[in-house]
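Colleague: Sequence plus predicted model, see below.
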Amino acid sequence: MTLTIDVPIELEQKLEAEAKRRGIGRDEFVRVVLEENLNPTTSRRQPPFAAKIIATDLPVRDRSREYAWLEQHRDEYDGKYVALDGDTLLAVGDGAKEVATKARELGMQGALIVYVEGSNQPRFISGGLW
């Protein structure tokens, strides 16, 4: 089926820019957008962006002190987000964004920000079916 529609120039420019960013043609991008919006079960399986490796030479930071702190204090901070630098608690809050902002205000760019689950919560284990 061939479909011809008139769209405002601003929308056409946005469609072309997004298609170029995704590395596909404009017509293909419009077809994908229509399929995603008309068939929402398939759109949930596709991420709205393409994964992109931005660096491969960054050092891996040792987080063993943070994980030890979390293990020791997990019941105290159950259901909260925390920002840690080593075994130092930088910030606590109900949301990751709030905690990250507090950590940045302290000048800590590399803080570990994590949601804490107490010992009453089952541990997450990934892997095959049991």
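Modeller: Nice, thanks for sending it over. Residues are numbered from 1 along each chain as shown.
Colleague: that's a strand at residue 84, yeah?
Modeller: Yes. Counting by DSSP: H, G, I helix; E, B strand; the rest coil, residue 84 is found in a strand.
Colleague: residues touching it, list them.
Modeller: By CB atoms under 8 Å, 6 or more residues apart in numbering, residue 84 lies in contact with 66, 69, 70, 90, 111, 112, 113, 114. No exception for glycine: its C-beta is placed from N, CA and C like everyone else's.
Colleague: Quick check: bridge partners of it?
Modeller: Going by DSSP bridges, residue 84 is paired in beta bridges with residue 89, residue 112.
Colleague: what about it, distance to residue 77?
Modeller: Remark: distance between residue 84 and residue 77 (CB to CB, to the nearest Å) = 10 Å.
Colleague: on that earlier part again, any idea which of the contacts of residue 84 is closest to residue 27?
Modeller: residue 113 (41.7 Å; CB to CB).
Colleague: Please report the number of neighbouring residues for that closest one.
Modeller: 18 (other CB atoms under 10 Å).
Colleague: now swap in residue 82 and tell me
Modeller: Neighbour tally, residue 82, other CB under 10 Å: 25.
Colleague: wouldn't it be in contact with residue 117 here?
Modeller: No. Contact criterion CB atoms under 8 Å: residue 82 and residue 117 do not qualify, at 11.5 Å.
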